[in-house]
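Participant: Predicted model follows, preceded by the sequence.
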Amino acid sequence: MSRPAEVCLRDGETTLQNYIAGSWQAPAVELTRTVCDSNTGEPLFKQLGSTPQQIDAAITAADQAHRDATWRNLTGEQRAAKLNAIAAALEEIVDDMAEVDARLTGVPITHTRTIGRVCGAAFRAAAELAAEATQVRSETNFVVERLPLGPAAIVGPWNAPSGIACHKLASALAAGCPVVFKPSEWAPLSGQLIAAAISQLGLPTGVFQLLHGDGMTGAAIVGDPRIAAVSFTGGLQAGRAVAAACANQIKPAQLELGGNNPLIVLPGADLDAVVDGIMTSLTTLNGQWCRALGRLIVHESMLDEVLDATLHKLAQLNAGSSLDSATQLGPLVHEQHRAHVVDAIDAYRKMGGEVLQSTRLPDLDGWFVAPALVKGIAPQDALEEVFGPVATVHSYTNINDAVTLANQAPFGLAAYVFGPREQAYTVARQLDTGMAKVNSVTLFSPHPSAPRPAWKLSGLGEEGTRETFEFFRGSRVIGVPQGVPD
């Protein structure tokens, strides 16, 4: 296998390639936007898209692979062996995936390495599930089987492109589904590396397809009636379009969308733990993650000391190039997204909000924004997700008010509660959210086996090691009705 840097980026040129029916070919559509180095603003390459003919060829290959049953009729152990081989190949290129993702997304390389390591782990976890028997229940007169639904569309995001894609890909392949994978046009390079690794491991033709492109390519894939299931991570607007297309064809969609996540500070909470939680939730992936802090809800007795301590810690934050392993905060993904985040801060300021920032930004020309806490905004004016290192601040006098504030937003992905443990658990159980963490904020779930549900506008269904695997399977019951003679 050639070195990933040579596969993806050489002398300012990309060799982005679609992978269709076992062959590589250039995406034939040059799009209008340019991907830049997020640290410097230096143009790197033009975004590329796929023609209708290329999209049709990929879906045709996946559909034929499903009909031929060359993948789904392998034993679970045979599929598991292939998935473990993919895991081993991905573990060899973690550093390469981390570098291209850091350069394009602005996420510090220490974080992109951590996310890159998810790739191999996701395939190994899926391999364990692939080895399970398809027959899950047997009675005297009937059996229940869990079987692959058919060709699956995997549409990935730009903020953690390698890890999220591999979780979905591994789950679909473990379930026995051929896949058509479209990475984000803003961060396609780690997807190219993943495809290069998978392509060399002898999967049957049509079982894995890679298509580059923007939302038009994604819409064409998702809307094709031969696609049996869609797993999408991204923004609310695109998620609604995916949901509408799937609803029209009555096919399952797994959607993880945005969040405007609350962090509640109860009286008696440990100040150091609170500040660490705010820092992690506000700056992880530079605030570009769906479980980032959106609304800081603090008891009035602790408000001043929480803000003072947080601003002191933000002033010590090391902002710099995402390629520097000492960097704690990097730039945002691209110029348009930086403009969106800056506009959101300016809008809060025009509403009368007091914008609190203390992080010193580096002398670089990339898309940097200092983390911001905004006081003085009415809760009803702070309901939308910013998707950057920005959070509004709200105080309360009694805990019922805190719960009301937390549940006010139309999203329900994550929440954080800091305070005496028993009381924090009581509050967490009153929150309308798929996940509530107590006295800690982490990038990952409390446990690898825990599901990741999405409530309200944050999505549809739930992800997780087993949950996503089962999403790509359906039940079939075969038997003789009671009373019918053999």
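Facilitator: Alright, I've got the coordinates.

Participant: Okay, strands next: where are they in the stretch 301-450 of the chain?
Facilitator: 354-356, 372-375, 390-396, 411-412, 414-418, 435-438 (DSSP state E, counting those that start in this stretch).

Participant: Out of those strands, which gets nearest to residue 68?
Facilitator: With C-beta to C-beta as the criterion, residue 68 lies closest to strand 435-438 of the strands of the stretch 301-450 of the chain, at 39.8 Å. Bear in mind the C-beta positions are built from the backbone N, C-alpha and C, glycine included.

Participant: what's the closest non-adjacent residue to residue 239?
Facilitator: residue 257 (4.3 Å; C-beta to C-beta, 6 or more residues apart in numbering).

Participant: so that neighbour makes contact with residue 458?
Facilitator: Yes - between residue 257 and residue 458 there is a contact under C-beta atoms under 8 Å: 5.5 Å.

Participant: if you count what's nearby, which of the two comes out ahead?
Facilitator: residue 458 (28 against 25; other C-beta atoms under 10 Å).

Participant: Please report how far that one lies from residue 449.
Facilitator: Distance of residue 458 to residue 449, computed by C-beta to C-beta, to the nearest Å: 21 Å.

Participant: got it, and residue 396?
Facilitator: 34 Å.

Participant: Identify the residues contacting residue 369.
Facilitator: By C-beta atoms under 8 Å, 6 or more residues apart in numbering, the contact list for residue 369 reads 331-332, 338, 341-342, 345, 361, 388-390.

Participant: try 6 Å
Facilitator: Applying C-beta atoms under 6 Å, 6 or more residues apart in numbering to residue 369 gives the contacts residue 341.

Participant: How much space separates it from residue 207?
Facilitator: 42 Å.

Participant: cool, residue 107 as well?
Facilitator: Distance check for residue 107 against residue 207: by C-beta to C-beta, it reads 30 Å.

Participant: same thing with residue 427?
Facilitator: For residue 427, the distance to residue 207 (C-beta to C-beta) stands at 47 Å.

Participant: ok, those two, which is more surrounded?
Facilitator: Shown here are residue 427 and residue 207; by other C-beta under 10 Å, residue 207 has more neighbours (24 against 21).

Participant: got the contact list for the more buried one?
Facilitator: Neighbouring residues of residue 207 by C-beta under 6 Å, 6+ apart: 65, 71, 178.

Participant: try 8 Å
Facilitator: Contacts for residue 207 (C-beta under 8 Å, 6+ apart) come out as 62, 65, 70-71, 173, 178-179.

Participant: now swap in residue 86 and tell me
Facilitator: By C-beta under 8 Å, 6+ apart, the neighbours of residue 86 are 123, 170, 197-198, 201.

Participant: In which helix or strand does it reside?
Facilitator: helix 76-91 (DSSP states H and E).

Participant: can you pull out the helices in the stretch 351-486 of the chain?
Facilitator: 399-408, 421-428, 465-471 (DSSP state H, counting those that start in this stretch).

Participant: closest one to residue 153 among those helices?
Facilitator: By C-beta to C-beta (comparing all of the helices of the stretch 351-486 of the chain), the closest turns out to be helix 465-471, at 12.2 Å.

Participant: In terms of secondary structure, what does the closest one contact?
Facilitator: Applying 3 or more C-beta pairs under 8 Å, 6 or more residues apart in numbering; DSSP states H and E, one finds that helix 465-471 contacts helix 109-130, helix 161-175, strand 229-233.

Participant: Contacts for it next, please.
Facilitator: 122, 125-126, 129, 146, 167-168, 171, 174-175, 229, 231, 252, 254, 448-449, 451-452, 461, 463.

Participant: try stretch 23-38
Facilitator: 16-18, 42-51, 54, 103-106, 185-188, 199, 211-214, 322, 330-335, 366-367.

Participant: Can you flag the buried ones in those?
Facilitator: Listed as buried from the contacts of stretch 23-38 are 16-18, 44-45, 47-50, 54, 103-106, 185-188, 199, 211-214, 322, 330-335, 366-367; burial here means 16 or more other C-beta atoms under 10 Å.

Participant: Narrow the residues you listed to those in strands?
Facilitator: Counted as lying in strands by DSSP state E, out of these, are 18, 44-45, 47-49.

Participant: which two from those end up farthest apart in space?
Facilitator: 18 and 44 (19.1 Å).

Participant: tell me which strands and helices the helix or strand that residue 196 is a member of is in contact with?
Facilitator: Element membership of residue 196 [criterion: DSSP H and E] is helix 189-199. Under the contact definition 3+ C-beta pairs under 8 Å, 6+ apart, helix 189-199 sits against helix 4-8, helix 76-91, helix 94-105, helix 161-175, strand 208-210.

Participant: Turn those into JSON lines, including mean pLDDT and distance to residue 151.
Facilitator: Shown next, in JSON lines, are the helices and strands packed on helix 189-199 (pLDDT from 0 to 100; distance: least, C-beta to C-beta, whole Å):
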{"stretch": "helix 4-8", "mean pLDDT": "41", "distance to residue 151": "26"}
{"stretch": "helix 76-91", "mean pLDDT": "97", "distance to residue 151": "16"}
{"stretch": "helix 94-105", "mean pLDDT": "98", "distance to residue 151": "26"}
{"stretch": "helix 161-175", "mean pLDDT": "98", "distance to residue 151": "9"}
{"stretch": "strand 208-210", "mean pLDDT": "98", "distance to residue 151": "9"}
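
Participant: Can you say which of those is nearest to residue 374?
Facilitator: Across these, closest to residue 374 is helix 94-105 (C-beta to C-beta), at 24.4 Å.

Participant: Show me what counts as buried in the closest one.
Facilitator: 94, 96-105.

Participant: helix, strand or coil for the nearest residue to residue 241 once chain neighbours are set aside?
Facilitator: Once flanking residues are discounted, residue 241 sits nearest to residue 219: 6.6 Å by C-beta to C-beta, 6+ apart. Assigned with DSSP: H, G, I helix; E, B strand; the rest coil, residue 219 falls in the helix class.

Participant: Alright, I will stop here.
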